[in-house]
Every structure is written in C-alpha cells, then in structure tokens.
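Colleague: I would like to see how this sequence folds:
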Amino acid sequence: MVSHLATLFGCAFLACSALAACPVFIPVGNLDLVEYSGDWKIHGLLRTFGGNPGMRCLHVEMDSLDWTTEPVDVHAILHGEYVATNVTFEQELPAEVPRLIEPGKWTININGTNFEHTILHTDYNNSLVISCAPVTDFDNALIVLFNTRTFEPMNPTVIDQYKYLLQNYYQIDDEFYYPIFQSEEFCKEHTHP
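Modeller: Next up is the predicted model:
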C-alpha cells in the first residue's frame with residue numbers, strides 16, 4: 001500500500017532508522033483540544049527537503065472519543081488529491097497526545113514510525129504545526145503545515161507572522177514554502193466525503 005504521507009513527508013522520511021534527535025519545539029500553551037479538533041484545511045507547507053509534493057485540497061479531520069484521559073487517542077484522517085494524476089486519497093493517521101499537561105505535543109504513528117508533532121500556534125481559526133523525524137544520524141526532516149478552518153485563502157499577514165516565528169525562533173527558512181490549492185467548490189467535489 002502506498003503511503004500518501006510518504007509523498008507528503010518524503011519517502012526517506014518513513015524509511016529511516018537513524019539516531020538523530022529532533023529539535024525541541026515549544027508547543028502553544030493552554031491548548032483546548034476539543035476546540036482544536038475538527039477539520040483543518042492545509043493552505044501551505046514548508047519542507048526542509050524535497051520539492052513540491054504536487055497535492056491540492058489537503059485537509060485533515062481530527063476527533064477523539066475522550067479528550068480528557070491521557071494518553072488521548074486521536075483519530076485523524078488526511079484527505080487530498082495529486083495534481084498530476086487527479087487521484088484522490090484518504091489516509092488514517094493514528095495519533096496520540098501523550099500528556100494532557102502538554103496538549104500541543106502529539107505523536108503520530110505512520111507505518112510503525114513515531115513522528116513528533118507540535119502545534120506551535122493556533123487561534124483556533126489558523127494553526128501552525130510542525131512535524132519532525134530523523135532521516136540520517138545527523139539530520140532531520142521537518143514539515144510545517146499552515147492551516148485554516150476555511151477554504152478561503154489564508155491571510156497573508158498570518159502567513160508572514162508564521163514565517164517570522166519559524167525564522168526567528170527556530171532558524172527555519174521559508175525557501176521551500178509551497179502554497180496548497182484550496183477551493184470550496186472544487187475540493188468538496190473531489191476530496192470531501
């Protein structure tokens with residue numbers, strides 16, 4: 001089975017067994033998991049490796065049967081479409097919030113590999129999320145997701161603020177930022193159940 005996350009994160013990202021540690025990312029404080037749950041449209045992504053993954057209409061739906069008992073098991077599904085082939089996909093993302101004291105730090109398991117997933121900022125309408133996994137003994141692969149609740153284009157001021165945060169706090173350059181096409185009419189027809 002092809003992992004659509006392998007395309008998004010990079011194939012090597014899922015096949016590594018290296019020892020490199022991810023940087024320490026500071027999660028948003030006082031995150032309300034219930035308010036954060038739901039559907040997020042991915043309007044942009046920034047990767048420290050590879051090129052444009054060639055996807056559109058990316059969105060993730062998140063829910064849990066119990067947001068109050070740790071570890072919180074999160075049921076997440078990623079939806080999207082490949083631009084070149086018009087093939088849509090849906091992939092489950094088993095995730096958990098290990099400690100309720102740090103609700104912005106998650107673990108996502110993809111094909112047996114655990115990824116550190118940190119919610120860096122949210123106002124519950126916009127969200128900046130970073131995932132990390134080692135790719136070699138000395139290097140990590142990072143992917144940053146720029147999310148909103150709507151199909152409307154993400155506010156350019158918010159994008160600039162998020163890029164500033166990444167550059168000034170984590171020394172992550174925006175050279176490989178890729179906007180993701182979102183259109184309510186097109187995406188609902190193609191990728192929404």
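
Colleague: give the contact list for the spatially closest residue to Val97 that is not a sequence neighbour.
Modeller: Leaving aside its chain neighbours, Val97 sits nearest to Val72 (4.0 Å; criterion: C-beta to C-beta, 6 or more residues apart in numbering). From N, CA and C alone the C-beta is placed, and that goes for glycine too. For Val72, the contacting residues are 33, 64, 66, 96-97, 100, 103, by C-beta atoms under 8 Å, 6 or more residues apart in numbering.

Colleague: Could you rerun that using 10 Å?
Modeller: Contacts here follow C-beta atoms under 10 Å, 6 or more residues apart in numbering; on that basis Val72 touches 33, 64-66, 95-100, 103, 106.

Colleague: before we move on, what about Asp73?
Modeller: With C-beta under 10 Å, 6+ apart as the criterion, the residues that contact Asp73 are 64-67, 94-97.

Colleague: For ChimeraX, what selects the buried ones among the contacts of Val72?
Modeller: Selecting the buried subset of those in ChimeraX, with 16 or more other C-beta atoms under 10 Å as the burial test, is done by:
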select :33,64,95,96,97,103,106
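
Colleague: mind listing which of the contacts of Val72 are in helices?
Modeller: Judged by DSSP state H, the subset of the contacts of Val72 located in helices is Leu33.

Colleague: ok, of the contacts of Val72, which one's closest to Met55?
Modeller: Out of those, the one with the shortest distance to Met55 is Ala95. That distance is 19.7 Å, counting by C-beta to C-beta.
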